[in-house]
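Participant: Turn this into a structure:
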Amino acid sequence: MNLDFLYNIGEGPLRSGLVVLGVAVAATIVAVIVHRVGILLIRRIARGHPFTTSATEVAYNASRMCLVLFLLRLVLTGAPDNTPGLTSASYLTSVALILALTWFLIRCVKSVSVAVIKLNPYDVADNLRARRILTQTRVLSRSAYFLISLLGLSFVLLTLPGARQFGASLLASAGVAGIVAGIAAKPVLGNFFAGLQIAFSQPIRIDDVLIVKGEWGRVEEITGTFVVVKIWDERRMIVPLQWFIENPFENWTHTSSSILGTVFLWMDFSVPTQEVRAEFERFCETLPSWDRRVCVMHVTDAGERGMQLRLLVSAADSGSAFDLRCRIREHMIAFIAQRYPHALPRLRAEVRSRNDADALDTVIDGSPREGGA
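Facilitator: Numbers count the residues shown, from 1 in each chain. As a prediction, this is how the structure comes out:
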């Protein structure tokens, strides 16, 4: 865009600066109007397409900024050489345009992740597939954010004369500087690649129930460097991504959320097992949290003081299983205490009378105890 014809009216840097400033303001207004009209047309054409609609909403401000800076860059390219501050303005506009393009690409990735999450809601009963897609989307989108930001920073450094070599090294990731940087950033890179591995192999997903270091909790968030596990008592455990790749842990919802729950009761040997089993099965039928898959009772152990009953039930998820176990334990203890109080655990002891004790001492010592009968 050549603006030399505007300077035939008058000469001087001040005149040039005012003219370029006026054209820049006009270009900004035109860019805003064109952007708004273009977005309206795209939304009308792409009505019913979730990805395009999401992109026009999420990346709206970023795309407008890119268009404005692009037109300003064209205006400064065609400005005369005697324009005050032309070099500095051109450089700042170029850097701002690179940053705006980086922002725009990040928002485009964000729009894709938002559309995927909307198409796969995970707040439903059978959400295994949705949680798998949600985990992949979030981890991969954060990885994309990191790569786009790295590229944007590299291109910004390439615009600096003194930092071009560093920018090129950052892009190529080669040489001694690249090796040193790689060693220094080993924890960051380790978590980055661990995040990619988790996204594809998926040992954990959003809302999975885990046992991590002896704590029961759900995966609340997976970031680019760590996992937030919400413990049952509202605490949060922050675990690095790489820990899940290098250490064993329990995942109760890896293939399905259904789970078995156990209730152990210690009873006296006189407990009527058939009656207790019948009451246990009858009570399970009344509980909505029981999924009607498993309901069995076994005598799993016996000692010198009593025997152990194991009540095994099934539930749709771990939260329902915990509630089910507590209700069964409470009801069965109350039932046995009311119907068969003699069947509760007892400590047996043999008590001898005083005459029997004296007679035993006589046998042992050969003479009656003093004061004996």
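
Participant: only C-alpha atoms for contact and neighbour calcs from this point on.
Facilitator: Noted.

Participant: buried set for the helix or strand harbouring residue 129?
Facilitator: In this assignment (DSSP states H and E), residue 129 forms part of helix 128-158. When neighbours are counted by 16 or more other Cα atoms under 10 Å, the buried residues of helix 128-158 are found to be 128, 130-145, 148-149, 151-158.

Participant: need the helices for the stretch 101-250 of the chain, in chain order.
Facilitator: 128-158, 164-172, 175-184, 186-201, 241-246 (DSSP state H, counting those that start in this stretch).

Participant: Confidence-wise, which of these is weakest overall?
Facilitator: Here the lowest mean pLDDT among these goes to helix 175-184, at a mean of 47.

Participant: what residue ranges in the stretch 1-150 of the chain are flagged as low confidence?
Facilitator: Regions of the stretch 1-150 of the chain meeting the criterion pLDDT under 70 cover residues 1-17, 81, 122-128.

Participant: If we use 50, what do you get?
Facilitator: 6-7 (pLDDT under 50).

Participant: Next one: residue 148 from residue 199, what distance?
Facilitator: Taking Cα to Cα, to the nearest Å as the measure, residue 148 falls 18 Å from residue 199.

Participant: Revised request: answer the last question for residue 133.
Facilitator: In this structure, residue 133 and residue 199 are 9 Å apart, going by Cα to Cα.

Participant: ok, now residue 330?
Facilitator: Applying Cα to Cα, the value for residue 330 to residue 199 is 42 Å.

Participant: Check residue 332 too.
Facilitator: If you measure residue 332 against residue 199 using Cα to Cα, the figure is 45 Å.

Participant: For the residue nearest the centre of the chain, list the residues it contacts.
Facilitator: Centrality entry for the chain: nearest residue to the mean C-alpha point is residue 221, 2.2 Å, by Cα atoms, centre = their mean. For residue 221, the residues meeting the contact criterion (Cα atoms under 8 Å, 6 or more residues apart in numbering) are 206, 227-229.

Participant: quick one: which of those residues is nearest residue 90?
Facilitator: Ranking the contacts of residue 221 by separation from residue 90, with Cα to Cα as the measure, puts residue 227 on top at 43.1 Å.

Participant: could you measure the closest one against residue 221, distance?
Facilitator: Between residue 227 and residue 221 the computed distance is 6 Å (Cα to Cα).

Participant: cool, residue 327 as well?
Facilitator: Residue 327 sits 31 Å away from residue 221 when distances are taken as Cα to Cα.

Participant: can you check residue 64 too?
Facilitator: 31 Å.

Participant: Check residue 42 too.
Facilitator: 34 Å.

Participant: Check residue 193 too.
Facilitator: Shown here: residue 193 relative to residue 221, a distance of 17 Å by Cα to Cα.

Participant: can you check residue 295 too?
Facilitator: 35 Å.

Participant: same thing with residue 67?
Facilitator: If you go by Cα to Cα, the gap between residue 67 and residue 221 works out to 35 Å.

Participant: Neighbour count: residue 332 and residue 199, which is higher?
Facilitator: Neighbour totals were compared for residue 332 and residue 199, and residue 199 leads with 22 against 19 (other Cα atoms under 10 Å).

Participant: and residue 26, how many neighbours?
Facilitator: For residue 26, which is what you asked about, the neighbour count (other Cα under 10 Å) is 13.

Participant: Regarding it, which helix or strand does it belong to?
Facilitator: Element membership of residue 26, judged by DSSP H and E, is helix 13-45.

Participant: Toward the C-terminus, what is the element adjacent to that helix?
Facilitator: Beyond helix 13-45 in the direction of the C-terminus, DSSP H and E gives the next helix or strand as helix 50-58.

Participant: After that following helix, which helix or strand is next?
Facilitator: Next element after helix 50-58 (DSSP H and E): helix 60-77.

Participant: For that next one, C-alpha coordinates in PDB please.
Facilitator: Coordinates of the C-alpha atoms in helix 60-77 are reproduced here as PDB (Å, rounded to 0.1, in the frame of the first residue of the first chain):
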ATOM      1  CA  TYR A  60     -13.600 -14.000  18.000                       C
ATOM      2  CA  ASN A  61     -11.300 -11.400  19.700                       C
ATOM      3  CA  ALA A  62      -8.100 -13.100  18.600                       C
ATOM      4  CA  SER A  63      -9.100 -13.100  14.900                       C
ATOM      5  CA  ARG A  64     -10.200  -9.500  15.100                       C
ATOM      6  CA  MET A  65      -6.800  -8.500  16.600                       C
ATOM      7  CA  CYS A  66      -5.000 -10.400  13.800                       C
ATOM      8  CA  LEU A  67      -6.900  -8.600  11.100                       C
ATOM      9  CA  VAL A  68      -6.400  -5.200  12.600                       C
ATOM     10  CA  LEU A  69      -2.600  -5.700  13.100                       C
ATOM     11  CA  PHE A  70      -2.300  -7.100   9.500                       C
ATOM     12  CA  LEU A  71      -3.800  -4.000   8.000                       C
ATOM     13  CA  LEU A  72      -1.700  -1.800  10.200                       C
ATOM     14  CA  ARG A  73       1.400  -3.700   9.000                       C
ATOM     15  CA  LEU A  74       0.400  -3.000   5.400                       C
ATOM     16  CA  VAL A  75      -0.100   0.700   6.200                       C
ATOM     17  CA  LEU A  76       3.400   0.900   7.800                       C
ATOM     18  CA  THR A  77       5.000  -0.900   4.900                       C
END
